[in-house]
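Colleague: Give me the fold of what follows.
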Amino acid sequence: MRLFTAIGLPDSVRSELASIQPQHPEIRLTPESQIHLTLRYIGETDKVRTRRIIQALSHVAFRPFDIELMGTGCFPNPSAPSVLWAGVRYHPILKELYDGMQEELYRAGMSLSPRSFHPHVTLGRIRKDKKVKDNVDSSPLDTVLDNFFHGEASRFHVTFRVDRFRLYQSRLHSGGAIHHCLREYMAS
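Modeller: Numbering: from 1, shown residues only. From the prediction side, this is the model:
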């Protein structure tokens, strides 16, 4: 099983995020129902390890908090975008949640995540398929991306309450990944 932890977003927030997703044939959008805030990618695991992970995550303690999603950006950088995202304003409890998760997973035998924590909400990915070309009915990709980074989408701002996180299983399909919640963990 391919696993990751994330904060599920309220329907209204997912809907607002879907409304700022840049529309272009060269961008594979995250389906609205799959939009989430990834905390930690765990990766491929077997059933025994999955049971240990489920148990370990039940020891992660955190207080409910309000989180702000604001602005837009990309990885790795605007001159070579690959992943398009909505930003997450730094919050100490979010960092504590991530650190607590890292610690409990490490105690359960998982290695620490090699990536530094950069919270964001993935809205789309630039297609690597060279067969996809600008179509006559759409603006050039550079124009669409410039608007996403500097136009109205860049002023996106919403706040919501976080009182739980989830362990998801991700299954890869030809149209992208499908996520299924395995367990939900409530704030203390």
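
Colleague: residues near Arg155, how many?
Modeller: Using other C-beta atoms under 10 Å, Arg155 has 11 neighbouring residues. From N, CA and C alone the C-beta is placed, and that goes for glycine too.

Colleague: what sits against it?
Modeller: Residues counted as contacts of Arg155 (C-beta atoms under 8 Å, 6 or more residues apart in numbering) are Gly71.

Colleague: What are the boundaries of the helices in the protein?
Modeller: With helices called from DSSP state H, the chain shows them at 11-20, 47-57, 92-107, 141-150.

Colleague: so which of those helices comes closest to Leu37?
Modeller: Comparing the helices of the chain by their distance to Leu37 (C-beta to C-beta), the top pick is helix 92-107, with 8.8 Å.

Colleague: That closest one to helix 47-57, inter-axis angle?
Modeller: The directions of helix 92-107 and helix 47-57 differ by 140 degrees, with axes from the mean of the first three to the mean of the last three C-alpha atoms, to 10 degrees as the criterion.

Colleague: what about helix 92-107, distance to the chain center?
Modeller: With C-alpha atoms, centre = their mean, to the nearest Å as the basis, helix 92-107 stands 17 Å off its chain's centre.

Colleague: which helices and strands sit right next to it?
Modeller: In terms of contacts (3 or more C-beta pairs under 8 Å, 6 or more residues apart in numbering; DSSP states H and E), helix 92-107 is packed against strand 36-44, helix 47-57, strand 65-75.
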